[in-house]
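*Asks:* pasting the sequence and the predicted coordinates here, then a few questions.
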Amino acid sequence: MNNIVSDKELCDIAIDIQKNAYAPYSDFRVGAALLCSDGTVYTGVNIENASYGATVCAERCAIFKAVSEGRKDLVKIAITSSSGDFTMPCGMCRQVMTEFMPDGEVIVTNGKEIKNYKVSELMPFGFVL
């Protein structure tokens with residue numbers, strides 16, 4: 001794995017980007033920072049919609065941005081939220097991580113502490129073809 005960007009730096013990026021979240025319904029803002037193997041970082045925020053099913057999570061936002069740019073070398077993703085607590089990825093995000101970064105790492109922070117998990121720990125029986 002590439003150590004161009006430290007876990008703390010990646011968390012700081014996620015914390016900073018969280019301000020761009022569009023969360024008028026829940027006021028629950030989430031930021032994500034996704035690291036590729038060469039040190040490139042893609043960010044994402046949750047984007048809510050009045051039709052709740054059209055809402056996208058910060059994690060999927062960042063992953064889809066990277067994939068849409070042709071990236072498949074996703075190493076780790078940092079996640080933070082306005083809750084002040086550790087925010088784990090939802091099931092849909094875990095499934096997307098299983099697809100695009102099965103050997104990757106998930107970092108969650110409450111702004112003070114950092115916890116690290118493998119995608120395979122969070123989604124041990126993900127759907128794969």
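*Replies:* Now that the structure is in, tell me what you want to look at. Residues are numbered from 1 along each chain as shown.

*Asks:* and the gap between the spatially most central residue of the chain and residue 89?
*Replies:* For the chain, the residue nearest the mean C-alpha position is residue 59 (3.2 Å; Cα atoms, centre = their mean). Counting by Cβ to Cβ, to the nearest Å, the gap from residue 59 to residue 89 is 5 Å. Quick note: C-beta positions are derived from backbone N, CA and C, even for glycine.

*Asks:* show me where this protein has its strands.
*Replies:* Counting by DSSP state E, the chain has these strands, from start to end: 30-36, 41-45, 74-81, 105-109, 114-118.

*Asks:* check those for me and report the most buried one.
*Replies:* Compared across these, strand 30-36 shows the largest average neighbour count, a mean of 28 (mean count of other Cβ atoms under 10 Å).

*Asks:* just how off-centre is that one within its chain?
*Replies:* Distance, stretch centre to chain centre, for strand 30-36: 5 Å (Cα atoms, centre = their mean, to the nearest Å).

*Asks:* please apply the same query to stretch 20-34.
*Replies:* What separates the centre of stretch 20-34 from the centre of its chain is 11 Å, taken as Cα atoms, centre = their mean.

*Asks:* what about it, how long is it end to end?
*Replies:* Length of stretch 20-34, first residue to last, Cα to Cα, to the nearest Å: 16 Å.

*Asks:* I would like the residues contacting it, please.
*Replies:* Applying Cβ atoms under 8 Å, 6 or more residues apart in numbering, the contact partners of stretch 20-34 are 10-11, 13-19, 41-48, 50, 52, 57-59, 61-63, 65-66, 74, 76-83, 87.

*Asks:* where does the chain have low pLDDT?
*Replies:* Scanning the chain for pLDDT under 70 picks out 1-3.

*Asks:* all good on my end, thank you.
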